[in-house]
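Student: Give me coordinates for this.
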Amino acid sequence: MKRTVVVALGGNALLRGNQKGTVEEQLANTLDTMEHLVPLLKEGCNLVIGHGNGPQVGNILMQQAAGEETFSIPSMPLDVCVAESQGSIGYMIESALRQVMQKHGISREVCVLVSPVLVDKQDKAFENPTKRVGKIYTKEEADALAKSQGWVFKEEVRTTGSGWRRVVPSPKPMEVLNASLVKKLASDGVIVIAAGGGGIPVAYRADKTLEPIEAVIDKDSATSLLARTIGAEEFYILTDVPNVYINFRKPDEQKLENVTTAQLAEYTAKGMFGEGNMAPKIQAAVDFVTHGGKVSVITDAEALGSNGGTRISK
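Tutor: This next block holds a predicted model:
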């Protein structure tokens, strides 16, 4: 049987640095990222792709606020904005992937699934928003938006610059509700794009019907859960750095290459990883390996398939 590989694309796979976020920019970035998946496609792996939506859903929320303020167009709630980002980002990934496959003579079918993901309404994450969405602002811009919109901001430290980003609750995913369909399609050789942006957060009411939840699930956590559920062997988290580091941006900075889950637990306990940035990726990778996955890799797209990056095993 062909091995199943799940790849989680960071939001920067589509929108990078201080780009404005035009369609042309995002399509060009996505096309570049899809080129790095070619080795996996040529191996014939069963492939499932998850993706982030932090920059995009933040922009969608800004568009909603502007439309309501300027034109009295009713704004949509966060769950609908997440669904909108799933569809638009999934479309761009599928379009770029089809173009790349045609270029390399690869014939595979692709589909995008809008994925609801079950969360717990009592999750403590609702008391401490940590999920970063939207672009990076200056302190003055963030303070103004916090006052006018009631948004919560936290400082952002990245390789591309520092600033402030909006944060929203990020509850733990409990179940990807269409995971069985993802597994069936992937086993049939279809490239599946699912659980985009962490999925649409939903919870059960007392009568067992579903209700939407105002939150954004961490995409790495949701994609890790999906990878475990469908029995994937490998899980790749693509981000904007080639490796995980301890003591990041300090004089004693150290790159991690081959590392065990026990070592990462020790580093996490010492606070080596940022709560809204690298820490969720570390936890997602550890969860995958701990629950039966063979290996998880955190790296950038360029190192994919080169045995580079930070490789995590038991």
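
Student: what sits against Glu257?
Tutor: If a contact means CB atoms under 8 Å, 6 or more residues apart in numbering, then Glu257 has 243, 309-311 as its contacts. Glycine gets a C-beta too; all of them are placed from N, C-alpha and C.

Student: Am I right that Ala203 is in a helix?
Tutor: No: per DSSP: H, G, I helix; E, B strand; the rest coil, Ala203 lies outside any helix segment and is strand.

Student: residues in contact with it?
Tutor: Taking CB under 8 Å, 6+ apart, one finds 118-121, 210-211, 213 in contact with Ala203.

Student: Next: Gly87.
Tutor: 112, 114.

Student: now do the one 4 residues further on
Tutor: Counting by CB under 8 Å, 6+ apart, Tyr91 touches Val112.

Student: for it, helix, strand, or coil?
Tutor: Applying three-state DSSP: Tyr91 is helix.

Student: And for Pro74?
Tutor: What three-state DSSP gives for Pro74 is coil.

Student: Please apply the same query to Tyr236.
Tutor: strand.

Student: What residues are bridge-paired with it?
Tutor: Val7, Val297 (DSSP bridges).

Student: my guess is it meets Val7, correct?
Tutor: Yes: if you go by CB atoms under 8 Å, Tyr236 and Val7 touch, sitting 4.6 Å apart.

Student: before we move on, the earlier item: nearest to Glu24, out of the contacts of Glu257: which one, please.
Tutor: Of all those, Glu24 sits closest to Gly309, with 29.0 Å by CB to CB.

Student: List the residues that contact that closest one.
Tutor: Counting by CB under 8 Å, 6+ apart, Gly309 makes contact with 242-243, 257, 297-300, 303.

Student: let's go with 7 Å and repeat that
Tutor: With contacts defined as CB atoms under 7 Å, 6 or more residues apart in numbering, Gly309 is in contact with 242-243, 297-299, 303.

Student: Include neighbour count when you put those into a markdown table, please.
Tutor: Converted to a markdown table, the contacts of Gly309 look like this (neighbours: other CB atoms under 10 Å):
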| residue | neighbour count |
| --- | --- |
| Pro242 | 17 |
| Asn243 | 19 |
| Val297 | 22 |
| Ile298 | 27 |
| Thr299 | 22 |
| Ala303 | 19 |
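
Student: tell me the contacts of the nearest residue to Thr261 once chain neighbours are set aside?
Tutor: Nearest residue to Thr261, sequence neighbours excluded (CB to CB, 6 or more residues apart in numbering): Val286, at 4.9 Å. Contact analysis of Val286 by CB under 7 Å, 6+ apart lists 261, 264, 312.

Student: Can you select the buried ones from those residues in ChimeraX?
Tutor: The command below creates a ChimeraX selection of those among the contacts of Val286 that count as buried (16 or more other CB atoms under 10 Å):
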select :261,264,312
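
Student: In strands, which of the contacts of Val286 appear?
Tutor: The strands, defined by DSSP state E, take in Ile312 from the contacts of Val286.

Student: So Glu211 versus Leu61, what's the distance?
Tutor: Look at Glu211 and Leu61: by CB to CB, to the nearest Å, they are 20 Å apart.

Student: higher neighbour count, these two?
Tutor: Neighbour count, other CB atoms under 10 Å: between Glu211 and Leu61, Leu61 has more, with 24 against 11.

Student: The more buried one is in contact with Cys81, isn't it?
Tutor: Yes: in this structure, Leu61 is within contact of Cys81 by CB atoms under 7 Å, at 5.8 Å.
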